[in-house]
Each structure stands twice: as C-alpha cells, then as structure tokens.
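Q: I would like to see how this sequence folds:
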Amino acid sequence: VNNLAVCSSNVMNPVLVDGRYLKSVNQRANKAIAAAKSYEKIRHGLKTTDRIKSMYLKRNNRIADYMHKASRYLVNQFVSNDIDTVIIGHNAGWKQDTNMGKRNNQNFVQIPFNGFIDKLTYKCQMEGIRVICIEESYTSKCSFLDNEECCHHNSYMGNRIKRGLFKSQTGKLMNADLNGSLNILKKGCSLSTNGPIPYINNA
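A: Modelled structure (predicted):
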C-alpha cells in the first residue's frame, strides 16, 4: 500500500498522498515491538509491559499526526480549487477481506483508514464541502479510459500489468490507483469520459 489516497477531479489535476511513510512507521514499530515482546517473554514471562504499551502509543500517535496533516493538505487543495463535493470510495469490512501476504496485510490492517476518512470528512464539513461515501466494488478492476461500467464482468477491458500500473484495452497506461479514483468519481456523479477532465483529454 504505497498510496494513502489518490484524488481525482473535473477541475484540478490528480493529487496523490504518499503512504510509504506510514508503511515505514509500521514496519519499524512492529519490528521493535516484536523484539521487546520476545525479550520480556523469555526473561520475565510477560506478554506486555509499560514500555511495550508506550511503543504502541508512539506508533499510533505518529500515524494519527500524519493523517491529520494529509487530510488538511487535501482539504486545502479542495478549497483552493473551489470543490464543493467530495466522493469517497469505501467498502465496509475491507480490511478483514484482504489477502495480500503477511507483510502487506499487516501494513494495510494496522493503518486506520476509517480514521483518515473521519478526519477528512470533518475538515471538509468545516469548510462547507459536502462529503459522499459510496461503495467502490469493481472500480479498480474496470477501465476508466475505456468507459467500462463498474460492475462484474466475465472479462475486463483493461488489466493491472504490474504493481501500480493499469493498462487499458487501447494500450494506454495510467497509475492503477488513479484508474480506481476516476472510476469512483464517475460512479459517484455519473461523470462520463466525455466530460470535462482536462488532464485525461489532453494526455
């Protein structure tokens, strides 16, 4: 999970929020916590200590701080571009249904995405920006550039050819998360590929 968020709009260029810092915080903290737990269990037969609890708290505080700053950055972008509605793609229970391998699952599940959505939502509402959450199934599988309907298909018009890169039926390449973000935008406001999306039409 390299991107915390990717935002698309019909009035501004895409905005990407880097998620690698959060991965790094998680990985370093998990390694240190695992070592501390092993030491305490072997030496003292303890599963947790005040020091271990403090390590968890420090990790959680660093993640929360980054999410506050990231959500504020996005809302500032929305305000400066006069955006009045934000559409967020979200699936209930998405953390529990993931299977990306042990390390990726650990990074994904331990990052509180719902908390990020909450922070983004209340900051938007403070600025008078409406927030709509929609169900995002198939938005990452279907091809935005091919105007493919976001629903189940026996075969899809595009495909992810490698990590982070999506290829359309016509051979055009784009960031895979951007493809999903644009499909969420289209699904949320019935925006077609013929609409005013300058950074796509001028590509």
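Q: for residue 36, what is the enclosing helix or strand?
A: In the assignment (DSSP states H and E), residue 36 maps to helix 20-44.
Q: list the helices and strands that helix packs on?
A: Judged by 3 or more CB pairs under 8 Å, 6 or more residues apart in numbering; DSSP states H and E, helix 20-44 is in contact with helix 50-80, helix 102-110. (Each C-beta comes from the backbone N, C-alpha and C, glycine too.)
Q: tilt between it and helix 50-80?
A: In this structure, helix 20-44 runs at an angle of 170 degrees to helix 50-80, with axes from the mean of the first three to the mean of the last three CA atoms, to 10 degrees as the basis.
Q: show me the shaky parts of this structure.
A: For the chain, the stretches with pLDDT under 70 are 1, 42, 46, 92-110, 190-203.
Q: could I get the helices and strands packed on helix 20-44 in a markdown table, plus columns for mean neighbour count and distance to residue 158?
A: Output for the helices and strands packed on helix 20-44, formatted as a markdown table (neighbours: other CB atoms under 10 Å; distance: least, CB to CB, whole Å):
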| stretch | mean neighbour count | distance to residue 158 |
| --- | --- | --- |
| helix 50-80 | 15 | 27 |
| helix 102-110 | 15 | 23 |
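Q: any chance of the ones you listed in a markdown table, plus distance to residue 173?
A: Output for the helices and strands packed on helix 20-44, formatted as a markdown table (distance: least, CB to CB, whole Å):
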| stretch | distance to residue 173 |
| --- | --- |
| helix 50-80 | 25 |
| helix 102-110 | 23 |
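Q: so what are the domain limits for the protein?
A: Each structural domain of the chain that the record assigns through automatic domain parsing is listed here as a residue range: 1-135, 136-203.
Q: sorry, back to before: who wins for proximity to residue 16 among the helices and strands packed on helix 20-44?
A: helix 50-80 (10.4 Å; CB to CB).
Q: counting contacts, what elements does the closest one pack onto?
A: The contact analysis (3+ CB pairs under 8 Å, 6+ apart) places helix 50-80 against strand 3-7, strand 15-18, helix 20-44, helix 113-126.
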